[in-house]
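1. no sequence on this one, just coordinates:
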């Protein structure tokens, strides 16, 4: 078990809970450099009336502002659910060092859609390390419970 | 010739010129509803130190704000260069009615990379109409001249 990855994924889950509390699909993200969280984000599509206001985009913009830099090769983004193709594209441009996600998303996940057994397209930067299945159950259960509460 | 499309692409080219004037890769976009421009954007990656600050994203965010809505099914986005996979993803989430672009981008264009003869993935919403090659020469020449001026 990767205790450090689990710790930061717990922090991403806290962000996801903030999304739930705002009646948003509960997905959260944190960006980490040298074991410190430098940016946080949670899904705010409804609150901001902005279809692009995903947790990852908000965390990335915050990290760019914090560092005054547009590339993040020494940073790791932790996100509770696999990023969509838009967010994978944003991570590509950011040249992020590492992506860690909780649960896969077969429907919208950029890696699931593009980098599968049949499709050999990497939507991320070739230098970006990828780790998945960190607290996957917790991450996906939060999402499922949210949608169940809406029915 | 589609005079209306050419008119709005000229407006997108004006946005691209603003990018050049700010020493940014010259790509511009406008969003049109009922023959009126409701949002504009030009590439501001360097100015904002934000790798996601592409012309399309800036125009989309502006349109969401203007309309107070997160979907744009009745809008058309005109952009000088084919959108990258990130911007295609953003357009997907926006459910934009129509995408019109000037020149294709074989290296980063989302449609060129994913929706080619060999790869049958549509990165846009299935209901989004796509038109290309509007003032393609003008759009790509601006880009090439910019990079030439940098060498």
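-> Noted; the coordinates are in hand. As the structure is a computational prediction, the values presented were derived from the model and not from experiment.

2. residue A:50 - nearest residue in space that isn't next to it in sequence?
-> residue B:64 (4.6 Å; C-beta to C-beta, 6 or more residues apart in numbering or on different chains). C-beta: built from backbone N, CA, C; applies to glycine.

3. could you tell me how many residues sit around the one you found?
-> Around residue B:64 there are 23 other residues, counting by other C-beta atoms under 10 Å in any protein chain shown.

4. how far away is the most centrally placed residue in chain A from chain B?
-> Against the mean C-alpha coordinate of chain A, by C-alpha atoms, centre = their mean, the closest residue is residue A:79 at 2.8 Å. Residue A:79 sits 15 Å away from chain B when distances are taken as C-beta to the nearest C-beta, to the nearest Å.

5. just checking, what packs against the helix or strand where that residue lies?
-> Taking DSSP states H and E as the definition, one finds residue A:79 inside strand A:76-81. Counting contacts by 3 or more C-beta pairs under 8 Å, 6 or more residues apart in numbering or on different chains; DSSP states H and E, strand A:76-81 is packed against helix A:3-21, strand A:28-33, helix A:55-67, strand A:98-103, helix A:136-150.

6. dump those into JSON lines; add mean pLDDT as well.
-> JSON lines is the format used below for the helices and strands packed on strand A:76-81 (pLDDT from 0 to 100):
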{"stretch": "helix A:3-21", "mean pLDDT": "98"}
{"stretch": "strand A:28-33", "mean pLDDT": "98"}
{"stretch": "helix A:55-67", "mean pLDDT": "97"}
{"stretch": "strand A:98-103", "mean pLDDT": "98"}
{"stretch": "helix A:136-150", "mean pLDDT": "96"}
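
7. so what's the residue count around the closest residue to the residue nearest to the centre of chain A other than its chain neighbours?
-> Spatial nearest neighbour of residue A:79, chain neighbours left out: residue A:29 (4.1 Å); criterion: C-beta to C-beta, 6+ apart. Residue neighbour count, defined by other C-beta under 10 Å, stands at 30 for residue A:29.

8. so what sits opposite residue A:29 in the bridge?
-> Residue A:29 forms beta bridges with residue A:41, residue A:79, as assigned by DSSP bridges.
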